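Visitor: Fold the following, please.
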Amino acid sequence: MKAVTIFGTRPEIVKLSPVIPLMDKRFDHVTIHTGQHYDYEMDKIFFDELELRKPDYSLNVGSGSHAVQTAKMMVGVEKILLDYKPDVVNVFADTNTPLAGALAAAKLNMPVVHMEAGCRSFNKKMPEEINRILVDHCSELLLASDQTAVNNLVSEGIHKKNIRLVGSTVVDAVNRNIKLARKTRVLASLGIKPGDYIVLTLHRAENTDNVDVLNGIIKAINHLSKYVTVVFPVHPRTRNILGKAAKIDDSIKQIEPLGYLEFLKLISNAKFIITDSGGIQEEADVVDVPCVIARNETEWIELVKAGRNILASTDPKKIIEISEGLLNDESKLEEIKKIGSVRKPGASQKIVDVIEKYFRGVV
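Guide: Presented below is the predicted three-dimensional model:
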């Protein structure tokens, strides 16, 4: 069987890192890197760290408006699909890359597999939410990370025979790389010690494009920095916007984005994490570090319901209240850790098995 897997952002590369080698063993498999944010040369360190082979195709579409970016990717993907004629096209998650891949394949009547189907924030102001919905409804086989995602798909009229509950590849990605991550010296280079700092990440458009919301979050972080060291790897799009927002306190360690292994070591040794990233919410569960979500909703609500993550909203008062509660009472941190990880290993192998059986007609 011939298969194509499409990705375009670093989080997608990380989450697919345990899947791609397994696909290579079982399929005549090619990969397409759209270069949604970076071209392959800029992403090469990620491939090297994750021990992944070079993509078969690199489109290098770069940044642009949603329409321009998606259109460029569709044109590039369509040419490859017409030439390669795959039996199945795999896409992942919620960026413009899976949307472009799914649309191009579906319009060519090529079956689409969505490897992270059914995630919903129920906030259609988020471009990612629109992408998720459209990709799911273009797909023939929908692979869900948890039961909530399965329920979301069924409620939207997608037939159960097209849905499989497989789990999250984040667990396999973390487990595959945590030993290598421990060898990095990122903590020493930043002058910090395990458990003595918190990590902040901030990049979602609904947080960074709204100056009032961004100012509120910065206000909360500035307040917390009086009591604990805050390490802030600054996303490129966030850095471009920060100049228009409130001043970040000089005590906050603003650093350039890290490689995956360095970042994995950073978060796995933090006291807790404050983030608006969906991927980091999952990674926090796997590395057993409490996570405060600076958003008003989350796709990973099961992690919140399980008590592993805390949905704080973007209200600075709530972010401060929840964070101070964790800082002032170590028992709260220990209670979260005692619950144990919600995510389980093995999703990557399940994904490959399910794809092969489904398209070979094996029940």
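
Visitor: drop to CA atoms for contacts and neighbour counts, all remaining ones
Guide: Fine.

Visitor: now the strands for this protein?
Guide: 2-7, 28-33, 57-58, 88-91, 112-117, 141-144, 163-165, 197-201, 229-233, 253-255, 272-275, 291-293, 309-311 (DSSP state E).

Visitor: what comes up buried for the second one?
Guide: Residues of strand 28-33 classed as buried by neighbour count (16 or more other C-alpha atoms under 10 Å): 29-33.

Visitor: can you count the residues close to residue 102?
Guide: Around residue 102 there are 31 other residues, counting by other C-alpha atoms under 10 Å.

Visitor: related to what we said a few turns ago, any chance of the strands of the chain in CSV, with mean pLDDT too?
Guide: CSV is the format used below for the strands of the chain (pLDDT from 0 to 100):
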stretch, mean pLDDT
strand 2-7, 98
strand 28-33, 98
strand 57-58, 97
strand 88-91, 98
strand 112-117, 98
strand 141-144, 98
strand 163-165, 98
strand 197-201, 98
strand 229-233, 98
strand 253-255, 97
strand 272-275, 98
strand 291-293, 98
strand 309-311, 98
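
Visitor: can you put the ones you listed in JSON lines and add distance to residue 262?
Guide: Shown next, in JSON lines, are the strands of the chain (distance: least, C-alpha to C-alpha, whole Å):
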{"stretch": "strand 2-7", "distance to residue 262": "22"}
{"stretch": "strand 28-33", "distance to residue 262": "23"}
{"stretch": "strand 57-58", "distance to residue 262": "25"}
{"stretch": "strand 88-91", "distance to residue 262": "27"}
{"stretch": "strand 112-117", "distance to residue 262": "25"}
{"stretch": "strand 141-144", "distance to residue 262": "29"}
{"stretch": "strand 163-165", "distance to residue 262": "31"}
{"stretch": "strand 197-201", "distance to residue 262": "13"}
{"stretch": "strand 229-233", "distance to residue 262": "11"}
{"stretch": "strand 253-255", "distance to residue 262": "12"}
{"stretch": "strand 272-275", "distance to residue 262": "15"}
{"stretch": "strand 291-293", "distance to residue 262": "18"}
{"stretch": "strand 309-311", "distance to residue 262": "22"}
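
Visitor: what sits against residue 114?
Guide: Shown in contact with residue 114 (C-alpha atoms under 8 Å, 6 or more residues apart in numbering): 90-93, 135-136, 139, 141-143.

Visitor: if we go to 7 Å?
Guide: Residue 114 makes contacts with 90-92, 136, 139, 141-143, as judged by C-alpha atoms under 7 Å, 6 or more residues apart in numbering.

Visitor: Next, format the residues you listed as TSV and append distance to residue 128 and neighbour count.
Guide: Compiled in TSV, those are given as follows (distance: C-alpha to C-alpha, whole Å; neighbours: other C-alpha atoms under 10 Å):
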residue	distance to residue 128	neighbour count
90	18	22
91	14	26
92	12	27
136	12	28
139	16	25
141	20	25
142	17	30
143	17	29
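
Visitor: May I see the residues you listed arranged in TSV, with distance to residue 335 as well?
Guide: Shown next, in TSV, are these (distance: C-alpha to C-alpha, whole Å):
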residue	distance to residue 335
90	39
91	37
92	33
136	36
139	40
141	38
142	34
143	31
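
Visitor: any chance you could map the helices in the stretch 201-350 of the chain?
Guide: 205-208, 211-224, 236-242, 260-268, 278-287, 301-305, 316-328, 330-339, 347-359 (DSSP state H, counting those that start in this stretch).

Visitor: Against which helices or strands is the first one packed?
Guide: Using 3 or more C-alpha pairs under 7 Å, 6 or more residues apart in numbering; DSSP states H and E as the contact criterion, the neighbours of helix 205-208 among helices and strands are helix 211-224.
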